[in-house]
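Chemist: curious how this folds, go ahead:
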Amino acid sequence: MTYAIIETGGKQIRVEPGRFYDIELLHIEPEEQITIDAVLFVQHNGEVSIGQPIVAGATVEGTIMRHFRDRKVLVYKMKPKKKTRKKRGHRQEVTRLMINSISMNGSVIAEAPAIVEVEVPEIAEATSAEE
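Modeler: Residues are numbered from 1 along each chain as shown. Okay, the predicted model is just below:
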């Protein structure tokens, strides 16, 4: 199993090809490709590459799926015996990112499996038994 740890939006995320992740908002249009160079760690077939701070030559390719707002987080502050209460809510802007491949020194070491479309045969209409 091949995976990488990348840094985006001030956070570190463990990513695998073929999966999608919700990250901090990226100002890129949906359906566009993105290359992330801030790869901190790569593991491929038991072989480990650790960056200091980033792995040289390692990149992660991805596709922006969509932008949306995350679940609401409620912040409630209360001071007892003072009749002071504050209720605030916050919704973070999020980008959904599909990871396509992980590359080392220009060669792809892990890639998302291709989606294969399967044709479904049409069911022939049943003839009536009265004929």
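
Chemist: unless I'm mixing things up, G10 is touching I23, no?
Modeler: No: applying C-beta atoms under 8 Å, one finds G10 not in contact with I23, separated by 10.2 Å. For glycine as for every other residue, the C-beta is placed from the backbone atoms N, C-alpha and C.

Chemist: those two: which is more packed in?
Modeler: I23 (19 against 6; other C-beta atoms under 10 Å).

Chemist: so which strand or helix has that one?
Modeler: Assigned by DSSP states H and E, I23 falls within strand 20-24.

Chemist: packing partners of that strand?
Modeler: strand 11-15, strand 93-104 (3 or more C-beta pairs under 8 Å, 6 or more residues apart in numbering; DSSP states H and E).

Chemist: can you list the strands that the helix or strand just after that strand pairs with?
Modeler: The helix or strand immediately downstream of strand 20-24 is strand 33-36, counting by DSSP H and E. Neighbouring strands of strand 33-36 in its sheet, by DSSP bridges, are strand 58-69 (antiparallel).

Chemist: buried residues, the partner strand. List them.
Modeler: A58, T59, V60, E61, G62, T63, I64 (16 or more other C-beta atoms under 10 Å).

Chemist: follow-up on the earlier one: just want the angle from the strand holding I23 to strand 58-69.
Modeler: Put simply, strand 20-24 runs at 70 degrees to strand 58-69, going by axes from the mean of the first three to the mean of the last three C-alpha atoms, to 10 degrees.

Chemist: which residue sits closest to A38, ignoring its sequence neighbours?
Modeler: Distance criterion C-beta to C-beta, 6 or more residues apart in numbering; nearest residue to A38, sequence neighbours excluded, is E7 at 4.3 Å.

Chemist: low-confidence ranges, the protein, go.
Modeler: The model of the chain has pLDDT under 70 over residues 115-116, 124-131.
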